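Undergrad: structure, please.
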Amino acid sequence: MIAIIATIIPPGYLAYIGSYVALIAAIIAVVTCGWREKPVLLHPTSLAILASIALICGTLPWVYHAPQDLLAPVLILPMLTTIALGLLARPAGRVPRPTTFAFICLAGSFIALVGGAYEHFVLGLYRPGLGNNPIHYSTLAAMSGCLALVGMISSSARWRYVFLCGPVLGLACAIIADSRGPMLGALVMSAFGLVMLTIWLWRETMFRIALLVISAIAAGAVAYLMQSGSDRVASVVQSGLNLFTFTGSPDDIRAAFYASAFEILQTSPLVGLGLGQIMVPFEELFPDFVIALGRFDNLHADWANFAAMAGIVGLIAWVLLLVSPMLLLLDRAARQDRSTVLGTTVLATGQLVMGVSNATFGILPQTMMFAVAAGYFLAWMRPRSAQMHTPLRD
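TA: Numbers count the residues shown, from 1 in each chain. Take a look at the predicted model:
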């Protein structure tokens, strides 16, 4: 509970503090329970994370030039939090229900929206972030807001329809922060989540009404912002399609990042150049950007960073991290638990979409959000999977 609350509730800059608290909780879990809960290390989700770290470590002898290269596996070590939380399921004896998890996610997105709206409308800040980067702020809010949809399927009470507000809150945070990647991520996560809920709940009249109301509110808010001059909202889809092309717009910097990543894949396809050298091709190919905007420390996209620092091996490691939550669904018990199916699908989809144009893996709150949420579902399913696979006795 400490790890979940500390990771999801704090907005803005406080999210970093929350992430450190969750990391400490994970370390305590490993130290106190690790040696007794070895089966968790053999779970497909755990194996995918460990394999990803091992792959990145395996490239180091081939790309090492300076101590900075050794930091490459460190960037994904926070993913061990997923395994650590899984270790706690059996010793704890009780895992918070998905409804509780959904409430925490809903509260986190609500707090983020209140703080962001205050900065934007009261303080007049163009792109609020509550002390954090606006993209990071809205990424966290979008992820937590869409994960709140889990509450729709984990509870049968009428009040559960409040969880449909989660994606709206997350999208609102992305809109006021004027961040197109999180906007698109919130839209895609919402679409996946609502399609699944519609399949399961369409027969409920209340669900159909609530879905119509929430959709109308979201569409109205987007239409208002488009008419009020927010060209970033209006161009979210078009700009996404232009990420890899030079159009003469400020977005050309991202196209340059990605062009340099493709250059690295051509020159060193298997293992990349190492973390310390990922910006060298960019600086050589696009010196005008360096002169105008200064030096950058990464390529601002997960796929590009992994490809540059570890080549094809890095891309495989990235995919393993992305699919690690959904590997829970290899278990029949997990496939029968709709909360886990919905939560892991939304989680993996969001991390994929937002990682296309943003760095979500690193020593970052976004990484901890992904790791802790995946760890929650791992812990939630552990006793249920064990119960289902325990043979009956006479």
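Undergrad: how many neighbours does residue 50 have?
TA: 17 (other C-beta atoms under 10 Å). Every C-beta, even on glycine, is put in place using the N, C-alpha and C of the backbone.
Undergrad: for it, what are its contacts?
TA: 41, 83 (C-beta atoms under 8 Å, 6 or more residues apart in numbering).
Undergrad: so it is in which element?
TA: In the assignment (DSSP states H and E), residue 50 maps to helix 44-63.
Undergrad: just how off-centre is that helix within its chain?
TA: Relative to its parent chain, helix 44-63 has a centroid offset of 20 Å by C-alpha atoms, centre = their mean, to the nearest Å.
Undergrad: quick one: buried residues of whatever helix or strand residue 366 lives in?
TA: Using DSSP H and E, the element containing residue 366 is helix 365-389. Residues of helix 365-389 classed as buried: 365-385 (neighbour count, 16 or more other C-beta atoms under 10 Å).
Undergrad: centroid-nearest residue for the protein?
TA: Central residue check for the chain by C-alpha atoms, centre = their mean: the C-alpha nearest the mean position is that of residue 351, 3.8 Å away.
Undergrad: what's the one helix or strand residue 27 maps to in contact with?
TA: Using DSSP H and E, residue 27 sits within helix 14-33. For helix 14-33, contacts defined as C-beta under 8 Å, 6+ apart pick out 2-10, 78, 80-81, 83-85, 87-88, 91, 130-132, 136-137, 140, 364-365, 367-368, 372, 375.
Undergrad: next SSE downstream of that helix?
TA: Later in the chain than helix 14-33, the nearest helix or strand by DSSP H and E is helix 38-41.
Undergrad: which residues are contacting that next one?
TA: Contacts with helix 38-41, where a contact means C-beta under 8 Å, 6+ apart, come from 46-47, 50, 83, 86-87, 89, 378, 382.
Undergrad: from the residues you listed, which is closest to residue 163?
TA: Nearest to residue 163 out of these is residue 378 (C-beta to C-beta; 21.7 Å).
Undergrad: was I right about the closest one contacting residue 86?
TA: Yes - applying C-beta atoms under 8 Å as the test, residue 378 and residue 86 come out as touching, 3.9 Å apart.
Undergrad: who touches both of the two?
TA: Residues touching both residue 378 and residue 86 (C-beta under 8 Å, 6+ apart): 40, 43, 45-46.
Undergrad: who wins for most neighbours among those?
TA: Top of these by neighbour count (other C-beta under 10 Å): residue 45, with 27 neighbours.
Undergrad: follow-up on the earlier one: could you give the angle of the helix holding residue 27 to helix 365-389?
TA: Helix 14-33 and helix 365-389 meet at an angle of 40 degrees, taking axes from the mean of the first three to the mean of the last three C-alpha atoms, to 10 degrees as the criterion.
Undergrad: how about the CA coordinates for helix 14-33, as CSV?
TA: Extracted in CSV, the C-alpha atoms of helix 14-33 (Å, rounded to 0.1, in the frame of the first residue of the first chain):
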residue,chain,number,x,y,z
LEU,A,14,6.5,15.3,-5.5
ALA,A,15,6.2,12.2,-7.8
TYR,A,16,10.0,11.9,-7.6
ILE,A,17,9.8,11.7,-3.8
GLY,A,18,7.0,9.2,-4.0
SER,A,19,9.1,7.1,-6.4
TYR,A,20,12.0,7.0,-3.9
VAL,A,21,9.7,5.9,-1.1
ALA,A,22,8.3,3.1,-3.3
LEU,A,23,11.9,2.0,-4.2
ILE,A,24,12.7,1.8,-0.5
ALA,A,25,9.6,-0.3,0.1
ALA,A,26,10.7,-2.6,-2.7
ILE,A,27,14.2,-3.0,-1.2
ILE,A,28,12.7,-3.9,2.1
ALA,A,29,10.5,-6.4,0.4
VAL,A,30,13.4,-8.1,-1.3
VAL,A,31,15.5,-8.2,1.9
THR,A,32,12.8,-9.5,4.1
CYS,A,33,10.9,-11.9,1.8
